[in-house]
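>>> The following comprises the amino acid sequence and a computationally predicted model.
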Amino acid sequence: MSISRVFGQHDPKTLAQLQQVARRAERVALMADGHQGYVMPIGGVAAYRNQASVVGVGFDIACGNAAIRTDRKITDFTRDDLTSLADQIQSEISFGIGRTCQTPDAPDEHPLFDDPAWDAIPGKHERDTLKAKARAQLGTVGSGNHYVDVFADEAGAIWVGVHFGSRGLGHTVASGFLALGQGREWKARVPEAEVLLDLQTPTGDAYWSLMNLAGRYAYAGREWVARKVVGMLGGRELEPVHNHHNFAWRETHDGEDFVVVRKGATPAFPGQRSFVGGSMGDDAVIVEGAPAGTEDQRAAMFSTVHGAGRVMSRTEARGKLNWKTRQVKSPGKVSWEMLREWIGAKGVILRGGGLDESPHVYRRLPEVLVAQGDTIRVLHSLAPLVVVMAGENEFDPYKD
């Protein structure tokens, strides 16, 4: 029951959340991009003995990042080519709430829909309804901070990067087990409170099966979207990098077996590569876990950041909204002029996005990476060329 390591500087509310998690977990740590979340802080890592934290894994089960290095070069494209590509991504990939994958090659016959893990959903009607929703949503990106980006690395190689999770499937699974863990029925609405499920019980075992199913679903969705954009580029896949950052894993640390929950934190074992985004107007990176042996790596439970980390809430950034009319009732700290100036200076072609995702609401990624110390090594820096997100007025209950 101890805090192993806190990387970087954090506000008192975030640290207070970490302290609360530490009372229930065997070990906890906080990455340098951390900020306040639901019950467990974003950027938090917690180790339990044969238990999984439903809120720790979160509502967007298996949210993560995928990047693909292609055989195309920045010199292959004009500005007009990239503008047309941005329009094509926005047109052919589904962004936003309640969207379904509309393309003729939609992955709705993926083998994961025959996975026996679906049987862990209580009730045939609930199971059939959720499977139908998941089938329709596979290959959709969602809203909030979820995106499709096209980058160029330091050698001019073109990369495609995506960030999203398990959509309605993960949200429904998390909500259902949050209710069951509080003694309510599957579809009941309950408060976001800590629920630790013993994985040796039928309920805990069912959650573990469905969490892993959501993980396979998220992997399939990210890979399909990223590869579709590689096709739009007329390119070929050379190098994939793919990681969850809202998930739980069975791992051994210092000779002890744990269930390690990472909420907005990325696994970074020695040599393991990760794609870490900055913001719509900042560089992203490909990193790998440093060679084994450092004290900080062990204290972090071989974890690292998943992004740059927010420094202001969505409401602070965009102001207060009337959700019925989608109109701003009072302005926030970020204006469209500020956003356009930043993006324009970087030369980024932006489709969608909003004030609550402006670069102004995030830390600067290089500073966050420095705060992680010798736990990781940067392999590539990726400069954004095209950023496509849902529009500002999209409200998405499945986002991080």
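Everything's here; your move.
>>> chain center to the helix of greatest length in the chain, what's the gap?
Counting by DSSP state H, the longest helix found in the chain is helix 202-232. Averaging C-alpha positions (Cα atoms, centre = their mean, to the nearest Å) puts helix 202-232 12 Å from its chain's average.
>>> Residue 30 reaches residue 6, doesn't it?
Yes: contact criterion Cβ atoms under 8 Å: residue 30 and residue 6 qualify, at 4.6 Å. C-beta here means a position set from N, CA and C on the backbone, and glycine is covered the same way.
>>> Neighbour count for these two, which is higher?
The neighbour count for residue 30 versus residue 6, taken as other Cβ atoms under 10 Å, is higher for residue 30 (30 against 20).
>>> picking that back up, quick check: next helix or strand after the longest helix of the chain?
Once helix 202-232 ends, the next helix or strand along the chain (criterion: DSSP states H and E) is strand 237-244.
>>> buried residues in that next one?
When burial is assessed from 16 or more other Cβ atoms under 10 Å, strand 237-244 yields the following buried residues: 240, 241, 242, 243, 244.
>>> Nearest to residue 172 among these?
If you rank these by distance to residue 172 using Cβ to Cβ, residue 244 comes first, at 17.9 Å.
>>> Now for that closest one: which residues touch it?
By Cβ atoms under 8 Å, 6 or more residues apart in numbering, the contact list for residue 244 reads 62, 63, 64, 215, 218, 219, 262, 267.
>>> can the residues you listed go into TSV with extra columns for pLDDT, distance to residue 312 and neighbour count?
As requested, the contacts of residue 244 are arranged in TSV below (pLDDT from 0 to 100; distance: Cβ to Cβ, whole Å; neighbours: other Cβ atoms under 10 Å):
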residue	pLDDT	distance to residue 312	neighbour count
62	97	26	28
63	97	20	31
64	97	24	24
215	98	30	22
218	97	27	27
219	97	31	18
262	98	24	29
267	97	28	20
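>>> Run through the bridge partners of residue 387.
Listed by DSSP bridges, the beta-bridge partners for residue 387 are residue 149, residue 350.
>>> Could I get the contacting residues of it?
The contact partners of residue 387, by Cβ under 8 Å, 6+ apart, come to 147, 148, 149, 280, 348, 349, 350, 351, 353.
>>> which pair in the contacts of residue 244 spans the largest distance?
Comparing all pairs in the contacts of residue 244 by Cβ to Cβ, the longest separation belongs to 219 and 262, at 15.6 Å.
>>> Quick one, grab the pLDDT at residue 79.
Taken from the predicted model, the pLDDT recorded for residue 79 is 97.
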